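Peer 1: Model the structure of this input:
(2 chains)
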Number of protein chains: 2
Amino acid sequence: MKKNIIKPSILPGFMELLPKEQEIFNDIVSKISKTYEMNGCLAIDTPIIEKADVLLAKSGGETEKQVYSFQKGKNNLALRFDLTVPFARYVAQYYNDLNFPFKRYQIGKVYRGERNQKGRYREFYQCDVDVIGKGKLSINNDAWVISLADKAFREIGLTNYKFQISNRKILKGILNELKIENQVDVMILIDKVDKIGKEEFISELNNLIGNEKSEYLNQILMFNGSNEEKLEKLLEINIEDEYYNAGIKELKTVKSMLEVLGVDKKSFEINLKIIRGLDYYTGTVFETILVGNEGYGSICSGGRYDNLAENYTENILPGVGISIGLTRLFFVLREIGFVDKYNMEDNQDYLIIPIGDTFQYCGAVLQYLQSKGYRASIYFEDDALKKKMNYANKIGVENVILIGEEEVENNEIRIKNMKTGDNITINYDLFVGK
Amino acid sequence: MKKNIIKPSILPGFMELLPKEQEIFNDIVSKISKTYEMNGCLAIDTPIIEKADVLLAKSGGETEKQVYSFQKGKNNLALRFDLTVPFARYVAQYYNDLNFPFKRYQIGKVYRGERNQKGRYREFYQCDVDVIGKGKLSINNDAWVISLADKAFREIGLTNYKFQISNRKILKGILNELKIENQVDVMILIDKVDKIGKEEFISELNNLIGNEKSEYLNQILMFNGSNEEKLEKLLEINIEDEYYNAGIKELKTVKSMLEVLGVDKKSFEINLKIIRGLDYYTGTVFETILVGNEGYGSICSGGRYDNLAENYTENILPGVGISIGLTRLFFVLREIGFVDKYNMEDNQDYLIIPIGDTFQYCGAVLQYLQSKGYRASIYFEDDALKKKMNYANKIGVENVILIGEEEVENNEIRIKNMKTGDNITINYDLFVGK
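Peer 2: This next block holds a predicted model:
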């Protein structure tokens, strides 16, 4: 009777890689986490499933529709849709056990039922850093978290990224000054400017706040020049609003701290059109573009929030954070050819191939190689030598060690370098340096 | 108006750690994955959510009841309940792109709605290695995968574990010889022997197969002595069944290969009572106990299966695998005091504390330290020195670097070793070796 075979497949919107690309993906993960750790961040790991009422305490609108939620027994459950909300819950829950400012990083999968389209994933990795203060938190941290993304990108080998930085208080100050009441609508519109294009943007802005105010606002949003020149122009405008002045002061500090922390001037620019949706941000906001590949959108975003965990505690917990959307970034890096050129070590240094029953000897060689820190394994199958060498070729191992009965008898090993084709036979004691 | 505060909490049966324990947990993860990689295993990462019909192709019974499954739109989804089924699907799906024998490892979370009890988690990490052959796979691999668990445990610093190894063919052969038809019932009973105790076991076995056969079987199951002695006794029994003979031959090979691969004789023993439930295993099976803490159950299990992916492909794919149940293991290690004594490096080498506005100078020091591979960060908050030093103490940093205006002026840095209390002030150029 023939068995019923189910076609093996995964859900649309989920990324799955072959081993070779997975190795590169994991290498990137480990470079990011190492960067975070080298800078004093502590790792946490929260459940992927949480109580729905806890996870959705704040949300509503678009996010809530995208959440994977379901019942199990009597419980309403939901899969996390970002790492920030669980972190807010975590900080509130373990408040008395944490040291503030608390610098935490977390790398993990999150879930959103997005419309299925190229480069948008329903399961994706976020690599987050947040610093949380008790009651207050220095603006210097805003620059510091961005500098961590900068270090991580350099570690990966990226060169062509640019942080786009703004401060929401500046826009709020201008809108206050212009006595605009529907500020949220204006922010939603500005957030879309790259999507809809400049012309449509201006026409919609005219409709929203009238031609005169629109022109005034637009002129500021579109400031050209170096970061210094932009800051200077902002200072020259005669706006007395307190948000405006606070925003400029903060932005100035972030700019100079970025330089202090070693971020290249060419790697960031002030861009007042950055809003970051209707998220919880209250000050610094930023996105990151790949220069020449802006169409793929932001690969790392974040900002400052006044009070992280207000749904879970009465303690005031200001913070600032970044999130690298790694699954999306990897997709982009693959599209632009970066993954193909990624410099990855060979996954294995030595494959030990027994010819005949020489396993005992092979076992000793294996243990010696691993004690010296080499990646190594034994080919166990009883195949023809040609098939064994073929396998060695395919897995891309650097050296093959051949051990037949002759080698065992003479206490030798035969090493073939698979790149150069060189063959040497040396005495085992010499090889292990006895 | 007072905000509505939701009590921050997670679901029962989910593990969440404070940063200090998380660091130890992550260190164990990285030691296990490094061990797997050093031995030539390739990493894969599969989605946590899969199509329900694919994931549940084989199951039924206990497992299916425990699965987290739900609908999203028109799709029936399920969370993976182990890493083996997704791996079977993966191998079938990418069959033509993989090199066989394919040695893969995967570390990730899986989900089972188990009854809530101490040490049982509903979300838990598994750390799996499997080797899959195309049509055939040498028995040597059975020893090899166990040797990887052995290496991983030694890497972590565990010493008191013992692999309990059997081969299902032996039991099958005995039951064939005894002409027992309800073999599954007998296996279910043997699987429970540690839970129900020897007396009840014998009484139930008597009921099941009669006193005479029961005594015969029992005598074999309870063989004492060294591994060699057990094998010898098995060989002495006059059973001509082909399963029986094949099982003994395999078990003998596994035993001697374990020694070849450097597994200490004291770390494993033949135990014919090992069954591994009604899983897909067909040959070698093993569990791992912590000697002196047997009550916690197996911390690493696995075995050989004839055909991994029979639900997804007509290709015959024999394999053998191990799985370390890390969340459970961590729970046990915490209970027995191992976590408390775990030798963890300090999470940070240097905390740079500015006194006054000396950030520029601090930034240079930070960059120098990190270029030398030290973990370091700057204390950014505008707090009293006492509070800053207090923070340094709490986070357990090894050295504090104090930089006030005087230090900047004199081009010096002041270093305080937090363990010894020693203070030194040295010239910055000397410090950086200019």
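Peer 1: all contacts plus neighbour counts: C-alpha atoms, from now on.
Peer 2: OK.
Peer 1: How many neighbouring residues does the closest residue to A:Lys213 other than its chain neighbours have?
Peer 2: Spatial nearest neighbour of A:Lys213, excluding adjacent residues (Cα to Cα, 6 or more residues apart in numbering or on different chains): A:Leu178 at 6.8 Å. Neighbours of A:Leu178 under the rule other Cα atoms under 10 Å in any protein chain shown: 15.
Peer 1: what's the spacing between A:Leu178 and chain B?
Peer 2: 29 Å (Cα to the nearest Cα, to the nearest Å).
Peer 1: Verify the stated contact: that residue with A:Ser214.
Peer 2: No - using Cα atoms under 8 Å as the test, A:Leu178 is too far from A:Ser214 to be in contact (9.7 Å).
Peer 1: how far away is A:Met257 from B:Lys252?
Peer 2: Per Cα to Cα, to the nearest Å, A:Met257 is found 66 Å from B:Lys252.
Peer 1: neighbour-wise, which of the two wins?
Peer 2: Ranked by neighbour count (other Cα under 10 Å), A:Met257 and B:Lys252 place A:Met257 first, with 22 against 17.
Peer 1: For that one, give me its contacts.
Peer 2: Counting by Cα atoms under 8 Å, 6 or more residues apart in numbering or on different chains, A:Met257 touches A:Asn140, A:Ala143, A:Trp144.
Peer 1: Considering only those residues, which also neighbour chain B?
Peer 2: Residues of the contacts of A:Met257 in contact with chain B (Cα under 8 Å from any Cα of the partner chain): A:Asn140.
Peer 1: Could you tell me which of the contacts of A:Met257 are located in helices?
Peer 2: A:Asn140, A:Ala143, A:Trp144 (DSSP state H).
Peer 1: most surrounded residue in these?
Peer 2: Of the ones in helices among the contacts of A:Met257, with other Cα under 10 Å as the count, A:Trp144 tops at 25 neighbours.
Peer 1: Would you state the predicted confidence (pLDDT) at that residue?
Peer 2: Per-residue pLDDT puts A:Trp144 at 97.
Peer 1: give the contact list for it.
Peer 2: By Cα under 8 Å, 6+ apart, A:Trp144 lies in contact with A:Met257, A:Leu258, A:Leu261.
Peer 1: how far away is the residue nearest to the second one when sequence neighbours are not counted from chain B?
Peer 2: So that's A:Leu258. Nearest residue to A:Leu258, sequence neighbours excluded (Cα to Cα, 6+ apart): A:Ala143, at 5.2 Å. Applying Cα to the nearest Cα, the value for A:Ala143 to chain B is 11 Å.
Peer 1: And A:Ala246, by the same measure?
Peer 2: Applying Cα to the nearest Cα, the value for A:Ala246 to chain B is 18 Å.
Peer 1: can you give me phi and psi for A:Gly321?
Peer 2: The phi and psi values for A:Gly321, taken as degrees, to the nearest 10, are phi -150, psi 160.
Peer 1: What's the local residue count around it?
Peer 2: Neighbours of A:Gly321 (other Cα under 10 Å): 26.
Peer 1: quick one: contacts for it?
Peer 2: By Cα under 8 Å, 6+ apart, the contact set of A:Gly321 is A:Asp128, A:Val129, A:Asp130, A:Val131, A:Asp142, A:Val145, A:Gly302, A:Gly303, A:Arg304.
Peer 1: can you count the residues close to the closest residue to it other than its chain neighbours?
Peer 2: Excluding its sequence neighbours, the residue lying closest to A:Gly321 (Cα to Cα, 6+ apart) is A:Asp130, at 4.0 Å. Using other Cα under 10 Å, A:Asp130 is surrounded by 25 other residues.
Peer 1: hey, what's A:Asp130 bridged with?
Peer 2: A:Arg104, A:Gly321 (DSSP bridges).
Peer 1: hang on, isn't it packed against A:Ile322?
Peer 2: Yes - using Cα under 8 Å, A:Asp130 is in contact with A:Ile322, at 6.5 Å.
Peer 1: Give the residues shared as contacts by those two.
Peer 2: The contact sets of A:Asp130 and A:Ile322 overlap at A:Val145 (Cα under 8 Å, 6+ apart).
Peer 1: From A:Ile209, how far off is A:Lys179?
Peer 2: Distance of A:Lys179 to A:Ile209, computed by Cα to Cα: 10 Å.
Peer 1: Show me the shaky parts of chain A.
Peer 2: A:1-3, A:59-62, A:278-279, A:346-347 (pLDDT under 70).
Peer 1: quick one: which of the contacts of A:Gly321 is nearest B:Asn417?
Peer 2: Relative to B:Asn417, the closest of the contacts of A:Gly321 is A:Val131; by Cα to Cα it sits at 25.2 Å.
Peer 1: Spit out the contact partners of that closest one.
Peer 2: A:Val131 makes contacts with A:Pro101, A:Phe102, A:Lys103, A:Arg104, A:Asn141, A:Val145, A:Gly319, A:Val320, A:Gly321, as judged by Cα under 8 Å, 6+ apart.
Peer 1: repeat that with 7 Å
Peer 2: Counting by Cα atoms under 7 Å, 6 or more residues apart in numbering or on different chains, A:Val131 makes contact with A:Pro101, A:Phe102, A:Lys103, A:Arg104, A:Gly319, A:Val320, A:Gly321.
Peer 1: okay if I get those as a markdown table plus distance to B:Gly292?
Peer 2: Shown next, in a markdown table, are the contacts of A:Val131 (distance: Cα to Cα, whole Å):
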| residue | distance to B:Gly292 |
| --- | --- |
| A:Pro101 | 42 |
| A:Phe102 | 39 |
| A:Lys103 | 39 |
| A:Arg104 | 37 |
| A:Gly319 | 47 |
| A:Val320 | 48 |
| A:Gly321 | 46 |
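Peer 1: coming back round to it: ok, A:Lys179 and A:Ile209, which is more surrounded?
Peer 2: A:Ile209 (20 against 12).
Peer 1: how far away is the more buried one from chain B?
Peer 2: Taking Cα to the nearest Cα, one finds A:Ile209 at 32 Å from chain B.
Peer 1: OK, contacts around A:Lys109?
Peer 2: By Cα under 7 Å, 6+ apart, the neighbours of A:Lys109 are A:Glu123, A:Phe124, A:Tyr125, A:Gln126.
Peer 1: who touches the first one in this structure?
Peer 2: When you say that, I think you mean A:Glu123. Contact analysis of A:Glu123 by Cα under 7 Å, 6+ apart lists A:Phe14, A:Lys109, A:Val110, A:Tyr111, A:Arg112.
Peer 1: what is it paired to in the beta sheet?
Peer 2: Beta bridges link A:Glu123 to A:Phe14, A:Tyr111 when assigned by DSSP bridges.
Peer 1: Let me see the domain layout of chain A.
Peer 2: As given by automatic domain parsing, the domain ranges for chain A are A:19-44+A:85-335, A:350-431.
Peer 1: Pick the most buried one from these.
Peer 2: domain A:19-44+A:85-335 (a mean of 19; mean count of other Cα atoms under 10 Å in any protein chain shown).
Peer 1: Is the most centrally placed residue in chain A within a helix or a strand, and which one?
Peer 2: The centroid of chain A falls nearest to A:Ile324 when counting by Cα atoms, centre = their mean (2.6 Å). Counting by DSSP states H and E, the element that carries A:Ile324 is strand A:319-325.
Peer 1: Report the distance from that strand to the chain centre.
Peer 2: Distance of strand A:319-325 from the chain centroid (Cα atoms, centre = their mean, to the nearest Å) equals 9 Å.
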